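Participant: I would like the atomic coordinates for the input below:
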Amino acid sequence: MDPIKVDFTGKGGNKKKEIVIPPERAAFKLIISIVGTLLISAVIYYVMLPPMNPKAMEFYFFIGLVFATFIALSAVTTKAFAKPEYIPYLKKQSVVPGVAIGVLVLVVLAGLVVSSVVFRAKGYSRLMDPKPGKFTEEIEKQDAESYASIPRLDESAAANLANKELGTLKDLGKVSQFTVYPLYTQINYQGKPVRVSTLQYASIIKWLTNRSEGLPGYIIIDMANQTTEFKETKGMMYSPSEHFGRLLKRHLRFQYPGFIFAEPTFEIDENGKPYWICARLDKTIGLFGGTDVVGAVLVDPFDGSTAYHTIKELKEKPDLKWLDRIYSSTLLVEQYDYFGKYRGGFWNSVLGQKEVQITTDGYNYVAKDDDVYLYTGVTSITSDESIIGFILINQRTKNAIFYSVEGTTENSAMSAAEGKVKDKAYTASFPLLINVSNQPTYFMALKDNNQVNQNFAMVNVEQFNKIFVVGDSLEDCLTQYLQAMKNVGIKVDIDVEDIDENNNGNGGTEDKTKTVTAVIEDIRTAVKAGESVYYFKLAGKEVYYSIAASKAEAAVILNKGDTVTFEFKADDIEKSIIPLSSLKAGE
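Facilitator: Sure thing, here's the model as predicted:
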């Protein structure tokens, strides 16, 4: 008998229905495919940790991977690619998961369309509702006491100090076991602006040898006096640098499988107890648009206990007002940009662009009413050379205030400050906005390549072409700035003589000073804001020491070869030009 010929190619002259030939032990192989899919999906879930929430893109990607895994395992168990006669069977077995994947793709595409800003511009513009404010009435003026407590460190400078503080771990025998976790949250702590950061394991090997004890503490960086402190605690067992069940993200996911979380932040309460603050997000426009915070989970890093609070509770409960950062900076900037661009509709943002505005490139933080406010300039979308105002947004409540002020952008101010010291190649930190005699003023530090503050600069926002100065110290900088304002007829209300840089708003915390006695090797002078400043180089020293004649009249009569004793702040020891607190001639 001639063998039966079956054309599996489908290229015959007459299209015939494919003959489905199941493989041997088809039912068993189907079970293997299903069980294998479940096991592999469990591993994928354990690694990916997607929220089981239809408003999360990761949810659809994970479900798609599950169906794709089943198809792949079916192909392996049936050996369809090695035996073409089983391909029709594989196709039939893949119909349901294939259709499911197609449905998922359609849902995602439809979700993107209904969430698109093109159709929902008004909804996006209402995510934030800024109120107008008056700068001179609502932004507290700097006085002689509060000026000394202005934050002088940005995040990179704070990180530099935090890494140096790791030497404290020598006393614990742990100096090489940990590094600083690269997240420096700025908060108000006991009335002071500080940044806090926990530690992380230096490597997987260091995790294996230290995991039973946990992380030994956290670091506080004082933004005003530029000092750091390591706070030793009992072992913190839950963090983003952990593994397996103690990984913070996994710990949260298993307790709150449907929550969409923002990146967790590290904070401490007024008693110094640390917490992980994990904001819960929701998509409020369509399926995927309008990201907003609807609550937060507070995680105890020691025992992993959690407590969920709604956004209303976070804003109103007195025992939660120590929290400073519920809304991330990027989310707040994004929401204000939606307001500025789309309040006149989508097409106005593209064509007419009437009253369309966006934030400038960068942001900083301002302490106000015991909360932390994000600050950034606002500019017209048609001009990036000047601002039309600036916005302050409360990072705990999302309350936003817009102040109408015309002037230069932060980047222009930074360039002006860097231009003053271009021979030293210092870089400016992103400006902090302060009120000096009712004048909106950019304040910034100028840092060397080691992220150490060497100078300070102040630029008047409105009269930036006339009033911008660079000083060796805060006092020197403010002295020049006040004089520059006087020169253009602006009335000032700060007496420089009352300023004590050593009083950082800590109730008179004792400041560490250093003294040096040596012979003068070189003397140079310069005039700053109409005042003579003297620069001395001592024998055996590579740096110069500076002091204004108004602070030490003896500086005027000193000569090369004279023996002098200089006093200066210990924190300034790494500067290339060290500002003096006092000088004395003779031994």
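Participant: Any idea how far apart the tips of stretch 219-231 sit?
Facilitator: 6 Å (CA to CA, to the nearest Å).
Participant: May I see the buried residues of it?
Facilitator: Buried residues in stretch 219-231, counted by 16 or more other CB atoms under 10 Å: 219-228, 230. For glycine as for every other residue, the C-beta is placed from the backbone atoms N, C-alpha and C.
Participant: now swap in stretch 521-539 and tell me
Facilitator: Per 16+ other CB under 10 Å, stretch 521-539 contains these buried residues: 528-529, 533-538.
Participant: Distance from that stretch to the middle of the chain?
Facilitator: Remark: stretch 521-539 is offset 39 Å from the chain centroid, using CA atoms, centre = their mean, to the nearest Å.
Participant: Out of the buried residues of stretch 219-231, which is nearest to residue 424?
Facilitator: Of all the buried residues of stretch 219-231, residue 424 sits closest to residue 226, with 19.2 Å by CB to CB.
Participant: Phi and psi next, for the closest one.
Facilitator: Main-chain dihedrals, residue 226, degrees, to the nearest 10: phi 60, psi 40.
Participant: so which two of the buried residues of stretch 521-539 are the farthest from each other?
Facilitator: Spatial extent of the buried residues of stretch 521-539 (CB to CB) is set by the pair 529 and 538 at 26.1 Å.
Participant: Okay, now the unreliable bits of this structure?
Facilitator: Scanning the chain with the threshold set as pLDDT under 70 gives 1-17, 143-145, 168-173, 175, 384, 496-512, 529-530, 587.
Participant: Domains of it: list them as residue ranges, please.
Facilitator: What automatic domain parsing lists as the domains of the chain is 26-114, 120-148+336-474, 149-326, 513-585.
Participant: Turn those domains into CSV, including distance to residue 488.
Facilitator: Putting the domains of the chain into CSV (distance: least, CB to CB, whole Å) gives the following:
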stretch, distance to residue 488
domain 26-114, 54
domain 120-148+336-474, 5
domain 149-326, 23
domain 513-585, 12
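Participant: about what we covered before: out of the buried residues of stretch 219-231, name the two that are farthest from one another.
Facilitator: The largest separation in the buried residues of stretch 219-231, counting by CB to CB, is between 224 and 230 at 18.4 Å.
Participant: The residue nearest the centre of the chain: what's it in contact with?
Facilitator: The residue lying closest to the centre of the chain (CA atoms, centre = their mean) is residue 329, at 6.6 Å. By CB atoms under 8 Å, 6 or more residues apart in numbering, the residues touching residue 329 are 363, 374, 395.
Participant: What is the nearest of those residues to residue 419?
Facilitator: Ranked by distance to residue 419 (CB to CB), the contacts of residue 329 are led by residue 363 at 22.8 Å.
Participant: Look up how far residue 495 lies from the residue lying closest to that closest one once chain neighbours are set aside.
Facilitator: Nearest residue to residue 363, sequence neighbours excluded (CB to CB, 6 or more residues apart in numbering): residue 376, at 4.0 Å. For residue 376, the distance to residue 495 (CB to CB, to the nearest Å) stands at 32 Å.
Participant: same check, this time on residue 269
Facilitator: Taken as CB to CB, the span from residue 269 to residue 495 is 37 Å.
Participant: swap in residue 365?
Facilitator: 28 Å.
Participant: Those two: who's more crowded?
Facilitator: residue 365 (26 against 10; other CB atoms under 10 Å).
Participant: Check the secondary structure at residue 101 for me.
Facilitator: helix (DSSP: H, G, I helix; E, B strand; the rest coil).
Participant: for it, what are its contacts?
Facilitator: Shown in contact with residue 101 (CB under 8 Å, 6+ apart): 64, 67-68.
Participant: One more pass at 10 Å, please.
Facilitator: 60, 63-68, 71, 94 (CB atoms under 10 Å, 6 or more residues apart in numbering).
Participant: swap in residue 380?
Facilitator: Contacts of residue 380 were listed using CB under 10 Å, 6+ apart, and they are 340, 353, 355-358, 386-388.
Participant: Please apply the same query to residue 217.
Facilitator: Residue 217 is in contact with 168-169, 172, 174, 178, 198-199, 229-236, 274, counting by CB under 10 Å, 6+ apart.
Participant: Relative to residue 158, which of these is nearest.
Facilitator: Distance to residue 158 across the contacts of residue 217 (CB to CB) is lowest for residue 229, with 12.6 Å.
Participant: So which bits of stretch 427-442 are buried?
Facilitator: Across stretch 427-442, burial judged by 16+ other CB under 10 Å covers 427-437, 439-442.
Participant: oh, I was asking about stretch 76-94
Facilitator: Buried residues in stretch 76-94, counted by 16+ other CB under 10 Å: 77-78, 80, 86-90, 93-94.
Participant: And for stretch 413-420?
Facilitator: 413-414, 416-418, 420.
Participant: for stretch 368-388, same thing?
Facilitator: Neighbour counts using 16+ other CB under 10 Å place 368, 371-380, 386-388 of stretch 368-388 among the buried residues.
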